[in-house]
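1. my questions are about this predicted structure, shown below with the sequence.
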Amino acid sequence: MRLPRTTLAAAAALTLAGVAACGGNGGGTTGAGGGTALYERLPDAVKDAGVIRFAGDSHPPYRIVANDGKTVTGIDKELQDALAKVLGVRGEISIVNGLPAALSGMLASRYDAFNGPVKDTAEREKQFDAIVWMVSRTSYLVPKATSSAVKDSGDLCGKRIAGTAGSVVEEQAKRLSDWCTKQGRPALTFIGLADTNGTILAAKSGRADAAGMTESAAIDAMSKEKDAFTYVTQSDEQGAGIDQLAMLVPKSGGLGPVMLEAFKEIFKNGEYQRIVDKYGLQNVAVDEPKLNTAAAQ
């Protein structure tokens with residue numbers, strides 16, 4: 001049985017010194033204990049606990065999960081550290097098995113937020129506030145052994161594409177498939193898997209001809225196995241570059257508007273740009289964070 005958040009506050013206070021000293025596990029950040037302009041605007045439940053609980057699946061380079069299954073590094077960790085600091089609380093990342101587990105976990109109050117990257121949709125905005133902080137640019141990781149037949153994303157027509165089930169990549173692949181059929185070429189076959197690591201393994205093993213993911217994830221995968229892959233990027237003509245990607249926060253908790261202000265602060269203080277530059281996200285960065293963009297469209 002899960003303890004109430006007010007009970008967790010005492011535990012957070014007892015462990016705070018240790019987290020500050022050693023960095024904690026995957027979610028420990030600096031900034032706990034208030035002392036920021038936004039802290040007083042946080043929901044009481046978050047202030048009482050002194051922590052924002054993020055859900056996250058394995059999705060390099062956004063979330064790189066160590067062998068212990070708990071320690072997390074990557075874009076998400078740095079972004080959440082920056083947000084937690086301006087909010088005056090700690091951040092914790094719990095690893096879950098894909099988007100459905102993250103969404104249901106937030107609705108069950110196990111987690112406060114999920115950073116995806118996940119598409120902002122009108123349907124999701126019925127239950128979640130969506131803070132848009134980047135746009136999509138889908139790429140397809142192709143094993144070098146077969147890359148001679150794939151010079152650009154149009155050459156993926158008729159191929160088997162592995163991707164995370166329910167993710168924005170699945171929708172992007174459908175748009176690419178529709179483009180293929182309009183060109184008189186065969187449609188794609190999409191293979192939905194649990195996470196990015198699974199899609200890469202599918203491409204390596206020959207189960208799929210390519211693995212769909214964000215461009216930053218494709219670059220990260222290539223950096224780890226320099227001689228194994230190349231990649232191609234979906235064009236705007238093929239439906240790419242039009243999805244707004246967001247952090248989702250349950251509406252019921254009241255955290256969304258404050259989280260938007262925290263994003264505005266890290267845009268202002270340079271932390272957003274630092275992360276964008278460090279991880280090569282310039283092509284998918286936005287000028288400012290926005291709240292619930294889908295419902296207005």
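-> Nice, thanks for sending it over.

2. neighbours of Pro186, how many?
-> Applying the criterion other CB atoms under 10 Å, we find 12 residues in the vicinity of Pro186. Where you see a C-beta, it was placed from the backbone N, CA and C, and this is true even at glycine.

3. wait, is it part of a helix?
-> No: Pro186 sits outside any helix when classified using DSSP: H, G, I helix; E, B strand; the rest coil, being coil.

4. return the distance of it relative to Gly154.
-> Computed with CB to CB, to the nearest Å, the distance linking Pro186 and Gly154 is 12 Å.

5. hey, what's in contact with both of those two?
-> Taking CB atoms under 8 Å, 6 or more residues apart in numbering as the criterion, Pro186 and Gly154 both touch Cys180.

6. residue ranges for the helices of the protein, please.
-> Here the chain has its helices, by DSSP state H, at 5-22, 44-49, 75-87, 99-107, 168-182, 196-205, 215-224, 256-268, 271-278.

7. now distance to Thr233, mean neighbour count and mean pLDDT too, for those, in CSV please.
-> Putting the helices of the chain into CSV (distance: least, CB to CB, whole Å; neighbours: other CB atoms under 10 Å; pLDDT from 0 to 100) gives the following:
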stretch, distance to Thr233, mean neighbour count, mean pLDDT
helix 5-22, 39, 14, 37
helix 44-49, 38, 18, 94
helix 75-87, 18, 23, 96
helix 99-107, 23, 18, 94
helix 168-182, 11, 20, 95
helix 196-205, 16, 20, 93
helix 215-224, 6, 20, 84
helix 256-268, 25, 19, 98
helix 271-278, 18, 16, 96
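
8. between those helices, which gets nearest to Lys144?
-> Comparing the helices of the chain by their distance to Lys144 (CB to CB), the top pick is helix 215-224, with 9.8 Å.

9. give me the helices and strands touching the closest one, please.
-> Other elements packing on helix 215-224 under the criterion 3 or more CB pairs under 8 Å, 6 or more residues apart in numbering; DSSP states H and E are strand 138-143, strand 229-233.
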